[in-house]
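# Let's see this in three dimensions:
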Amino acid sequence: MNTEIQIEFNKIQNIWSELAATDYAKNLIEKAGVILDEKKLRKQLRDTTDSREMIEKLGAPPLQNVNEIAEVITVARRGECLTPYQLERVETVLAVVERLAHYLARGKEFGNPLAYYDENLDALEFLRDEIARQIRNEAVDDRATKELFEIRSGIAQAEDKMKQKAEQIIRSNKDIMADSFYALRSGRVCVLVKKEYKFKIPGSVIDKSATGNTLFVEPVGVSKYFEEIELLKIDEENEIYKILYTLTAMVSDAADVLEENMHMIEKLDFIFSKGKLSVDLGCVEPSINLDRRIKLTEARHPLMDKEENVPLNISLGENDTKGIVITGPNTGGKTVAIKTVMLNSYMAQCGLHVTCKGADICMNSNYLCDIGDGQNLSKNLSTFSAHIKNVLGILDRVNEDSFVIMDELGSGTDPTEGMGIAVAILEELRKSGANFLVTTHYPEVKEYAEKTEYIVNARMTFDKETLMPTYRMVIGEAGESCAFYIADRLGMPRDMLATAVEAAYGNKAAKTYDLLNDIDENVMSEMTAGTNGGDSNRKSGGNPVGDSNGKSGRNSSGKSAGNPNGRKQPAERIIKMKTKNSKKNLSTLYNIGDSVMVQPDNKIGIVCEPVNEKGVLRVQIAGKKIWINHKRVKLHVRAEELYPEDYDFSIIFDSVETRKMRHDMGRKYVDGTLNLNDDE
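Alright, predicted model coming up:
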């Protein structure tokens, strides 16, 4: 079964996707999954933290969908003419680039690493200004060029003269006119002449009325202006195409920069969408470990109301605890608890923040889940059959780096046999060395957890007055189902309850059982018990990944218990980040003259100023000097391999004028200022 759907991560994705502006980011969110590379995961979490910090200090970034620009760039590169609408889309994107660059630049005030992405944005001010000047309201502006303005002025004047001429003819020939106004027919100005006076007005008959009594005549004096307008419109069309092709060529020349801007906007949109999600859900950055330790402080389910949800505290993987068996009433919140733990762990390993006050979460190679009845009528699978099929699939894939949750372990069949199967499943999970959380009602399973090493009991407390869960977990104690009490409070007749008690505990118990007046004190204490992080029933010794004899979780035939054919499916592995023996001195990372590769575009540059105390260095790329974080720079070739000893780097970094002035200043007084930071 699909783990993302069972733990409701797909609903988190839907919320997350609404916070993204670009199609690219939405597509990444749709495909989001756990990250197995430790270095990449830590980078993703840092990005989420940095984006949240910038949003909290500067507000939401100015981002929008730039998908349309890709098609515009393709059309321009093919040499086709861009429409005014397409050119305005280019102008809009460049306006977004400019606003985003200013937004990021403000982030440099508090040293946010994301702020340095502004070096990869180019607003192309000249192109944007040209488009804004010549294109307006999805059309070429009258004053785009002097020629176009003169042509359109000529058209307007000719149209006025044409209308004035028509009005003059109407005034001079009132008796033969069918009406006192002119009309347009096929773009021509016509006067309405009575049929019997057809030859009184020299000109061409363009149309006639439905009755045939009125003729629409274009007078000769009017037609000459129409012909003048038609010629001017041809000139206008030619001038418009000239303007559009010129702007298209400018867009084509800037295509590479536009694409880089587009990719950077899409990348930043994905990063900032994670920060927005963290703000909206009230999340914190989790700590990541590879020690199989999960510790959540005041964790809550991200989809539940903050006001109603009771925080959950849980610790797994510490003090040799690999699994927790959770018991309690049906409405006690057991399923919510295990979903909360796995969903927060899953979000953390996707590079997202988690809904906790504090979290220390281990990386897991896979997340395995069995929740719900799984009944499938099309495949003729009962609840129990579907459950066992799913469990066997989990046991086939589980390993010591897995995280497993199972709800209502062993349910859906005969209680005695179901209990036995539940114990067998728990034993296989224990042998695998995986972290796991399971829920159950079987008392025998509670007893198994009580006496088995690396597994502890836990219970969910329950308010018997309101019949509502409190969502509080007490680790180290087994819970009760409270079935008779709940049935009584919901109105089950006493004779039915007596029959149920007799069937469960015998005739003697049925005679003395008083649900209202004889509630056990230990049961009452559950109503007020808080979260207990300790474990009074801790076991020690033994082998967490083998049986009591130190053997691995396989039977005598060498076959896996979860796979009778003995073939285990290959499991995903976690990629550990390379450890560093000592913290490097940043100032010695790069020297002046070193050839470096700037990420993520792999552009080659030369170091002109080494790394400062803030971790930023200056690199010259294509004659332009930029400041950039050292984490985005990779050494290409050392300076000593490229240049002789005592090489004068001013030849590379300074302009000819600067070098000449420095030389003259060394010999004599020179009137002027030496520019040591010129960018050529």
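# So for the helix or strand where Leu395 lies, what gets flagged as buried?
Element membership for Leu395, per DSSP states H and E: helix 383-397. Buried residues in helix 383-397, defined by neighbour count with 16 or more other CB atoms under 10 Å: 383-388, 390-397. Every C-beta, even on glycine, is put in place using the N, C-alpha and C of the backbone.
# Now do the residue nearest to Leu36 when sequence neighbours are not counted: how many residues are near it, please.
Of all residues not flanking Leu36 in the chain, Ile574 sits nearest, at 5.2 Å (CB to CB, 6 or more residues apart in numbering). Residues lying near Ile574 (other CB atoms under 10 Å) number 18.
# ok, back up a step: can you tell me which of the buried residues of helix 383-397 lies closest to Asp253?
Arg397 (53.9 Å; CB to CB).
# The closest one is in contact with Leu368, isn't it?
Yes. Between Arg397 and Leu368 there is a contact at 6.3 Å, judged by CB atoms under 8 Å.
# thinking again about what came up before, show me which of the buried residues of helix 383-397 is closest to Lys11.
Nearest to Lys11 among the buried residues of helix 383-397, counting by CB to CB, is Asn390 at 21.0 Å.
# That closest one and Asp370 touch, don't they?
Yes. Under the criterion of CB under 8 Å, Asn390 makes contact with Asp370 at 4.9 Å.
# just to revisit the earlier point, ok, residues contacting whichever helix or strand comes after the helix holding Leu395?
Next helix or strand after helix 383-397 toward the C-terminus (DSSP H and E): strand 402-406. Applying CB atoms under 8 Å, 6 or more residues apart in numbering, the contact partners of strand 402-406 are 7, 294, 338-339, 341-342, 345, 364-371, 391, 394, 398, 425, 429, 432, 434-439, 571.
# what do you get for stretch 278-291?
15, 19, 38, 41-42, 45, 48-49, 52, 55-56, 277, 302, 306, 317, 344, 348, 352-363, 574, 576.
# Write a PyMOL command that selects only the buried members of these.
Selecting only the buried entries of those in PyMOL, with 16+ other CB under 10 Å as the criterion:
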select buried, resi 19+38+41+45+48+49+52+55+277+302+317+344+348+352+353+354+355+356+359+360+361+362+363+574
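# can you give me the mean pLDDT across stretch 145-153?
Averaging pLDDT along stretch 145-153 yields 94.
# buried stuff in it?
145, 148, 151-152.
# Pull the most distant pair out of the residues you listed.
Largest separation among these by CB to CB: Thr145 and Arg152, giving 10.6 Å.
# element containing Leu87, please.
Per DSSP H and E: helix 84-107 holds Leu87.
# And for the helix or strand following that helix, what's in contact with it?
As assigned by DSSP H and E, the chain's next helix or strand after helix 84-107 is helix 125-134. Residues from elsewhere that reach helix 125-134, judged by CB under 8 Å, 6+ apart: 87-88, 90-91, 94-95, 98, 140-141, 144-145, 243, 247, 250-251, 254.
# do the same with stretch 76-85
Everything outside stretch 76-85 that qualifies as a contact, by CB under 8 Å, 6+ apart, is 72, 75, 90, 135, 138-140, 241, 244-245, 247-249, 251-252, 255.
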